[in-house]
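>>> starting from these lines, generate the structure:
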Amino acid sequence: MHRKTKAAIDGEQIRSAAFQLKHDLGKPVRWNAPETREPELEALRARLRRDLGTTRERDGRVWSAVEVFEEWRKQESRFLATPQFAPDLAALAAAMGRVRSLMGRIETLDGGGLVELDDASRGIAERCQALYRLAVAAVAAGTRP
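Residues are numbered from 1 along each chain as shown. Next up, the predicted model:
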């Protein structure tokens with residue numbers, strides 16, 4: 001039987017954790033986003049409510065973007081807990097904090113607040129993608145982040 005080395009297992013866990021973040025959070029937060037932001041505030045509000053408030057549906061439960069991120073942090077973030085990933089993870093956590101704050105007031109946000117929330121969702125998607133690319137490159141290079 002072929003046994004995997006610790007480095008190989010770590011590489012798979014790093015790549016898997018980054019992929020899960022990109023797949024479960026990064027894509028869904030922009031799932032319904034058009035190329036150009038909606039000019040009508042209520043259409044923008046409805047899309048943000050849908051993408052950020054009902055980011056995942058699993059086992060009959062609806063998860064918000066914040067809940068998806070918090071669950072990922074509990075289960076997977078340890079695999080990316082190195083200096084190489086720290087800047088992107090810090091930026092992602094800051095964007096998630098902004099989403100948490102703004103989503104609590106989504107029904108009363110004005111245009112500026114909705115744009116800020118949309119920009120945060122774009123930043124989340126970009127950071128998730130960047131983390132995945134960084135993880136894949138590190139694993140492919142055979143380096144342990």
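
>>> now stretch 87-102, how far from the centre of its chain.
With CA atoms, centre = their mean, to the nearest Å as the basis, stretch 87-102 stands 9 Å off its chain's centre.

>>> ok, stretch 44-58 next?
Worked out by CA atoms, centre = their mean, stretch 44-58 lies 13 Å from the chain centre.

>>> OK, contacts around Leu109?
Arg45, Leu102, Leu117 (CB atoms under 8 Å, 6 or more residues apart in numbering). Backbone N, C-alpha and C define where each C-beta goes, glycine included.

>>> which one of those residues has the most neighbours?
Among those, the one with the most neighbours (other CB atoms under 10 Å) is Leu117, at 24 neighbours.

>>> ok, it touching Arg100?
No. Using CB atoms under 8 Å, Leu117 makes no contact with Arg100, being 10.7 Å away.

>>> among the contacts of Leu109, which one sits closest to Arg73?
Leu102 (19.4 Å; CB to CB).

>>> per-residue pLDDT, the closest one?
On pLDDT, Leu102 comes in at 97.

>>> where do the strands sit along the chain?
For the chain, the strands defined by DSSP state E cover 56-58, 61-63.

>>> average pLDDT for the first one?
Strand 56-58 carries an average pLDDT of 83.

>>> and the contacts of it?
Here strand 56-58 makes contact (CB under 8 Å, 6+ apart) with Asp24, Pro28, Val62, Trp63, Val68.

>>> quick one, what contacts the fourth one?
Think Trp63. Thr54, Thr55, Arg56, Glu57, Glu71.

>>> next one: the top helix by length along the chain to chain centre, how far?
As assigned by DSSP state H, the longest helix anywhere in the chain is helix 111-140. Averaging C-alpha positions (CA atoms, centre = their mean) puts helix 111-140 6 Å from its chain's average.
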